[in-house]
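K.L.:
sequence unknown, structure follows:
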């Protein structure tokens, strides 16, 4: 009897308190409908007040980059707020410089929408959309890298700069309930309207790459969002060095093709580092480009060729190969894409050669 | 039920700030006391939040205890019920501050979720029951304990900032020196004990 009374009274009290909290949430967290004016009237959103700016924007399909999901630990979701919304919160402070605070930059994930706001969102973020896409073709490139060609269904085309990436959403599979979005660089050209090509390496234990490698087939539909990233071609140098490893080839392929297609007068050298011959792919494709275009050189290198690899190309770590072929840094830009270890080593070598860090652009993954 | 002790609420207030300080004589609420006391500004913000929540939850828990738990004979459930009441109160206070006092929410808001499980706040509610305080006494006891905690953490943070640039023996840096400072502060507070005593 006493046990029953205990259980009942605790449950009732808990329920009563929960009800009070829910009521308070409804009453106190109700800020009515707020208008968010983006870029001086370029778009005006009506959202329900009370949630964060990041959540309000993404509910209207405007995607601000955020890696931590709104916990104020990545500092990516910076956005300029032109309305005065009070001082910067202690949670935002570590991610903002004094200049940014002066300009009204805030973390969208920490700022609650409580009244009408005027915000500024850079054009490149504003163009980020979520797309429905159908898989047209899956090609095996190596034992652990596949090429995926997507047809964009809704919206039907994406404007992007060669070098940028998209985030593909996985779906639950085989007991993996978790749904994640992972970034993959676009390897096709923007001029191929409506078609996206991605290169995906199977990461051991990776939720999304396992999903793409083992649990989708041609004809399946997926969602992806983009374009993201500031890895794209810059003006200001006549000689370009491209260095990639593994699936880091993807953005480089798009960049090289873009320059060749536009007929820009740039000297390009593409170093591709792999361990053994079985890790190389697109060799014929780039060799043909090299034969066709005198301003493009393709240098694949193996760091540890096996005895049966029959390899008479460059041997050594990609950093050693780059050092062998590049003697000075004059009038050069370098674009790197690969693992953080590879990029850090390459940045060291390139700065020694004489390409300072402002002229090295990279995408680490 | 025991009669309320015949102590003036003002004495309870002063005693709970100085002679029966929650941190320095009962050593409650140590986790946040140690970890969030390196900056005076932050420590003071946390102290203010604790003071406010302690006062409000002590009063609420007094009401819940006297009006619900005692009539139903549920005194033995006070641990779990006090905790739940504190947790819910903190949630509501946070929302209310955000709505009506955005300035204050800026300063205290980030600390509120932290102190849901602060044992000093829970301790005050339990002590008030054990000592059978009446409503006014409980109110002053809650207020005094909160203020006392605020005073202690502010003082500690000020001392820690004073010595922040000094060289310490290796290993003494951080929590170790903080415990030593806390001990010395507690000794200093013993000096108040002749003035008035509650338990």
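P.N.:
Nice, I can see it. All values derive from a computational prediction rather than experimental measurement. Numbering: from 1, shown residues only, chains lettered A, B, ... in the order given.
K.L.:
Only C-alpha atoms from now on, for both contacts and neighbour counts.
P.N.:
Noted.
K.L.:
Parallel or antiparallel, list what pairs with the biggest strand by length in chain A.
P.N.:
Identified as the longest strand of chain A according to DSSP state E is strand A:129-140. Strand A:129-140 has its sheet partners listed here by DSSP bridges as strand A:145-154 (antiparallel), strand A:221-228 (antiparallel).
K.L.:
Below-threshold pLDDT in chain B: ranges please.
P.N.:
Segments of chain B classed as low confidence (criterion: pLDDT under 70) are B:1-2, B:197, B:199.
K.L.:
so what's the backbone phi/psi at residue A:237?
P.N.:
In this entry, residue A:237 is assigned phi and psi values of phi -150, psi 150 (degrees, to the nearest 10).
K.L.:
Wait, it touches residue A:331, no?
P.N.:
Yes. Residue A:237 lies in contact with residue A:331 (C-alpha atoms under 8 Å); the separation is 5.1 Å.
K.L.:
Out of the strands paired with strand A:129-140, flag the one nearest residue A:257.
P.N.:
Closest approach to residue A:257 among these (C-alpha to C-alpha): strand A:145-154, 16.6 Å.
K.L.:
Flag every buried residue along the closest one.
P.N.:
Buried positions in strand A:145-154, judged by neighbour count with 16 or more other C-alpha atoms under 10 Å in any protein chain shown: A:145, A:146, A:147, A:148, A:149, A:150, A:151, A:152, A:153.
K.L.:
wait, which of those is closest to residue B:37?
P.N.:
Closest to residue B:37 out of these is residue A:145 (51.4 Å), distances taken as C-alpha to C-alpha.
K.L.:
Let me see the contact set for the nearest residue to that closest one once chain neighbours are set aside.
P.N.:
Once flanking residues are discounted, residue A:145 sits nearest to residue A:201: 4.3 Å by C-alpha to C-alpha, 6 or more residues apart in numbering or on different chains. Contact partners of residue A:201, counting by C-alpha atoms under 8 Å, 6 or more residues apart in numbering or on different chains, are A:144, A:145, A:146, A:209, A:246, A:247.
K.L.:
what do you get for residue A:32?
P.N.:
For residue A:32, the contacting residues are A:48, A:49, taking C-alpha under 8 Å, 6+ apart as the criterion.
K.L.:
Could you check how far it is from residue A:116?
P.N.:
Using C-alpha to C-alpha, to the nearest Å, one gets 10 Å for the distance from residue A:32 to residue A:116.
K.L.:
Equivalent analysis for residue B:151, please.
P.N.:
40 Å.
K.L.:
next one: residue B:63
P.N.:
On the measure of C-alpha to C-alpha, residue B:63 and residue A:116 end up 41 Å apart.
K.L.:
more neighbours, those two?
P.N.:
Comparing residue B:63 with residue A:116 by neighbour count (other C-alpha atoms under 10 Å in any protein chain shown), the higher total belongs to residue A:116, at 17 against 13.
K.L.:
Please look at the more buried one and residue A:36 and confirm they touch.
P.N.:
Yes. If you go by C-alpha under 8 Å, residue A:116 and residue A:36 touch, sitting 5.8 Å apart.
K.L.:
residues shared between the contacts of these two?
P.N.:
What both residue A:116 and residue A:36 touch, as defined by C-alpha under 8 Å, 6+ apart, is an empty set.
K.L.:
before we move on, which element is the residue in the stretch 151-300 of chain A positioned nearest to chain B in?
P.N.:
The shortest separation between the stretch 151-300 of chain A and chain B is 27.3 Å, found at residue A:178 (distances taken as C-alpha to the nearest C-alpha). In the assignment (DSSP states H and E), residue A:178 maps to no helix and no strand.
K.L.:
Could you find the closest non-adjacent residue to it?
P.N.:
Spatially, and ignoring its direct neighbours in sequence, residue A:178 is nearest to residue A:172 (6.1 Å; C-alpha to C-alpha, 6+ apart).
K.L.:
how close does the one you found sit to residue A:276?
P.N.:
Separation of residue A:172 from residue A:276 (C-alpha to C-alpha) stands at 34 Å.
K.L.:
Neighbour count for those two, which is higher?
P.N.:
A side-by-side neighbour count of residue A:172 and residue A:276, using other C-alpha under 10 Å, places residue A:276 first with 17 against 14.
K.L.:
Run through chain A and note the low-pLDDT ranges.
P.N.:
By pLDDT under 70, the low-scoring segments of chain A are A:67, A:69, A:365.
K.L.:
where along it do the helices fall?
P.N.:
Assigned by DSSP state H, chain A shows helices spanning A:2-28, A:53-59, A:98-103, A:123-126, A:207-214, A:249-262, A:283-292, A:318-325, A:340-353.
K.L.:
so what secondary structure elements neighbour the longest one?
P.N.:
Secondary structure elements in contact with helix A:2-28, counted by 3 or more C-alpha pairs under 8 Å, 6 or more residues apart in numbering or on different chains; DSSP states H and E, are helix B:78-100.
K.L.:
do the helix it packs on and chain A meet?
P.N.:
Yes. On the criterion C-alpha under 8 Å from any C-alpha of the partner chain, helix B:78-100 is in touch with chain A at B:81, B:84, B:85, B:88, B:91, B:92, B:95, B:96, B:99.
K.L.:
Can you report how many residues lie near residue 100?
P.N.:
Reading this off chain A. With neighbours defined by other C-alpha under 10 Å, the count for residue A:100 comes to 14.
K.L.:
try again with chain B
P.N.:
Other residues lying near residue B:100 total 11 when counted by other C-alpha under 10 Å.
K.L.:
What distance do you get for residue B:4 to residue A:154?
P.N.:
When residue B:4 is compared with residue A:154 (using C-alpha to C-alpha), they lie 73 Å apart.
K.L.:
again but with residue A:12, I slipped
P.N.:
50 Å.
K.L.:
Kindly report the same for residue A:341.
P.N.:
Separation of residue A:341 from residue A:154 (C-alpha to C-alpha): 38 Å.
K.L.:
Around residue A:2, how many other residues sit close by?
P.N.:
Here the count is done by other C-alpha under 10 Å, and residue A:2 has 8 residues near it.
K.L.:
Name the secondary structure element that contains residue B:162.
P.N.:
With the criterion set as DSSP H and E, the secondary-structure element containing residue B:162 is helix B:135-163.
K.L.:
Only the buried residues of that helix, if you could.
P.N.:
Judged by neighbour count using 16+ other C-alpha under 10 Å, the buried positions of helix B:135-163 are B:135, B:137-160.
K.L.:
which helices and strands does it pack with?
P.N.:
Right, helix B:135-163 is packed against helix B:9-17, helix B:40-64, helix B:119-130, helix B:175-190 by 3+ C-alpha pairs under 8 Å, 6+ apart.
K.L.:
who's in contact with stretch B:120-128?
P.N.:
Taking contacts as C-alpha under 8 Å, 6+ apart, the residues outside stretch B:120-128 that touch it are B:22-23, B:28-29, B:50, B:53-54, B:57-58, B:61-62, B:79, B:82-83, B:86, B:138, B:141-142, B:145-146.
K.L.:
same deal with stretch A:95-111?
P.N.:
A:52-55, A:70-72, A:75-82, A:88-89, A:91-92.
K.L.:
Kindly recompute the last result at 6 Å.
P.N.:
The contact list for stretch A:95-111 (C-alpha atoms under 6 Å, 6 or more residues apart in numbering or on different chains) reads A:52, A:53, A:54, A:70, A:75, A:77, A:78, A:79, A:80, A:81.
K.L.:
Stretch A:183-191 now?
P.N.:
A:164, A:165, A:166, A:167, A:196, A:197, A:198, A:250, A:251, A:253, A:254.
K.L.:
Please repeat the previous calculation with a cut-off of 8 Å.
P.N.:
Counting by C-alpha under 8 Å, 6+ apart, stretch A:183-191 makes contact with A:158-168, A:195-200, A:248-254, A:257-258, all of which sit outside it.
K.L.:
May I see the buried residues of it?
P.N.:
Of the residues in stretch A:183-191, those buried by neighbour count under the rule 16+ other C-alpha under 10 Å are A:183, A:184, A:185, A:186, A:187, A:188, A:189, A:190.
K.L.:
Likewise for stretch B:172-186?
P.N.:
Using 16+ other C-alpha under 10 Å as the test for burial, stretch B:172-186 gives B:177, B:178, B:182, B:185, B:186.
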